[in-house]
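Trainee: Structure, please.
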Amino acid sequence: MTTNTVSRGSWGSKIGFIFAAAGSAVGLGAIWKFPYIAGANGGGVFLLVYLACVFTVGAIMLVSEMMIGRRANKSATSAYRALGGGKWHYAGWISVLCVFLILGFYSVVGGWSIAYLFESIRGDILVTDGALLEQKFNRFIGNPVASLSYTLVFLGITVSVVIAGVQSGIERICKILMPALFIMMLFLVVRSLTLPGAMEGLSYLLTPDWSQFSVRMVLDALGLAVFSLSVGGGLMIAYGSYLGPETRVVNSGLWIVSLAILAAMLAGLMILPAVFAFGVDPSAGPGLTFITMPALFAQMAGGQFFAIVFFLLLLFAAITSSISILEPSVAFLIDEYNIPRKKATLMVAITNYIILGVPAALSFGVFSGALPLVGKNPFDFMDFLASNILMPIGGMLAAIFVGWRIWPEIKAILEKEVPAWSVMVFRFVAGIVAPVLILAVGIMLVTQ
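Mentor: Residues are numbered from 1 along each chain as shown. From the prediction side, this is the model:
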């Protein structure tokens, strides 16, 4: 490690930071994952449990990570070392490894969204035969040239934004993409709710059926809350490190959480009413986006236009998230090794594409066989290791760090922003509730 002399950058405005941080949360996790997990868990009752998890453990963990970054003015590894000393910097290494793995397979899914945007423009995916769409999707992801090319294009878009810096790149693009994303979502929600039979889907999402409630549902909701808010990977530590001392962290965190919840709600209202309108199983799973939705668009009046808007929306969501996924690794090289931003970004991106991106992109073709010992293809193994092991561990360590190791410093910040009773609730959740629940989610995900 060397003394840092390279300019780190900072946010130009509070709204710019909120849009960028919300862009991290409002990614494919909210738009792609929430509808099918809610559909598989009873709709309305899952929504209530999810909201409870987001506004308690999720929100407090989000604010905790932002405070770590803001207090140290450094990314995860350097922040843990500066504030905690001892072996705490290893918690930062876990975060960096986590987001590095996520970038490897997330770029592949981002490439799929680009491909399907082009397919929707050509109209090639607008068919009602679900089996044919599944064959088409499997043929596409199994094509090595197409998979590698689209992954590289998506990663290139992400790199171009991050190289430009915090204000000129990340903040500027998120100020454009986030409002556009919400406008497109509202547009599709209106279309979905006006379909014949859509009210059944609306009722399914908003009416709790308590017979569907279970401990497993609570753990699923908490896992989605942690994933969708980007907690545990050091993303918010990196973003928080660019905040000025005048920023009210709790207030900003609540804005970010509110936008993330709004996006998840709009995603549910956008997809589930359409699913019910056309008699599709709401628990169709991950294929809901790339297989089921094109079939639904094919049955709508003006379906091609709505398909284009939908996959453009997916692409915008993927880009805002991938930017935040790449940034912590770049900030790590800047803070730890004093490497200029452009060089650091290219180093991370090129290394990631060669080591992880290529195997992940070829996981449904050339490398479709299971890896020895782990029993999964490279794509699934990266997803499993990052989402099911490293992210829960990172989230748990961040909670313990805030609730116990640096609590006096965190308490001093909180006392300036929230009532006294809220400070003690914050510590109870961060220091005890969050670690226990995150550990339970991690065990559930590993053993399922």
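Trainee: In the stretch 1-150 of the chain, where is pLDDT below threshold?
Mentor: Across the stretch 1-150 of the chain, the ranges flagged by pLDDT under 70 are 1-7, 28-29, 32.
Trainee: quick one: the helices in it?
Mentor: Per DSSP state H, counting those that start in this stretch, the stretch 1-150 of the chain carries helices over the ranges 14-25, 28, 34-40, 44-53, 59-72, 76-84, 89-122, 130-141, 144-163.
Trainee: tell me what the fifth one is packed against?
Mentor: Translated: helix 59-72. Packing contacts for helix 59-72, counted by 3 or more C-beta pairs under 8 Å, 6 or more residues apart in numbering; DSSP states H and E, involve helix 76-84, helix 235-240, helix 249-277, helix 391-400, helix 407-415. Using the backbone N, CA and C atoms, a C-beta is placed for each residue, glycine as well.
Trainee: per-residue confidence averaged over the following helix or strand past the last one?
Mentor: Of the helices and strands lying after helix 407-415 in sequence (DSSP states H and E), the nearest is helix 420-428. Mean pLDDT, helix 420-428: 93.
Trainee: Buried deepest among the helices and strands packed on helix 59-72, which one?
Mentor: helix 235-240 (a mean of 31; mean count of other C-beta atoms under 10 Å).
Trainee: what residues does it touch?
Mentor: 17, 20-21, 24, 62, 65-70, 75-76, 79, 92, 95, 99, 230, 249, 324-325, 327-328, 331, 398 (C-beta atoms under 8 Å, 6 or more residues apart in numbering).
Trainee: burial count for the closest residue to S324 other than its chain neighbours?
Mentor: In this structure, S324 finds its nearest non-sequential neighbour in S24, 3.4 Å apart by C-beta to C-beta, 6 or more residues apart in numbering. Per other C-beta atoms under 10 Å, the neighbour tally for S24 reads 28.
Trainee: what about S192, helix or strand, and which?
Mentor: helix 172-193.
Trainee: Just want the angle from that helix to helix 144-163.
Mentor: On the basis of axes from the mean of the first three to the mean of the last three C-alpha atoms, to 10 degrees, helix 172-193 is oriented at 120 degrees to helix 144-163.
Trainee: The following helix or strand past helix 172-193 versus helix 249-277: what angle between them?
Mentor: Downstream of helix 172-193, the next assigned helix or strand under DSSP H and E is helix 198-206. Between the axes of helix 198-206 and helix 249-277, defined by the same axes, to 10 degrees, the angle is 140 degrees.
Trainee: on that earlier part again, out of the helices and strands packed on helix 59-72, which comes closest to R139?
Mentor: For R139, the closest of these is helix 249-277, at 24.3 Å, according to C-beta to C-beta.
Trainee: Name the helix or strand for F381, please.
Mentor: helix 378-383.
Trainee: Show me what that helix is packed up against.
Mentor: helix 89-122, helix 358-361.
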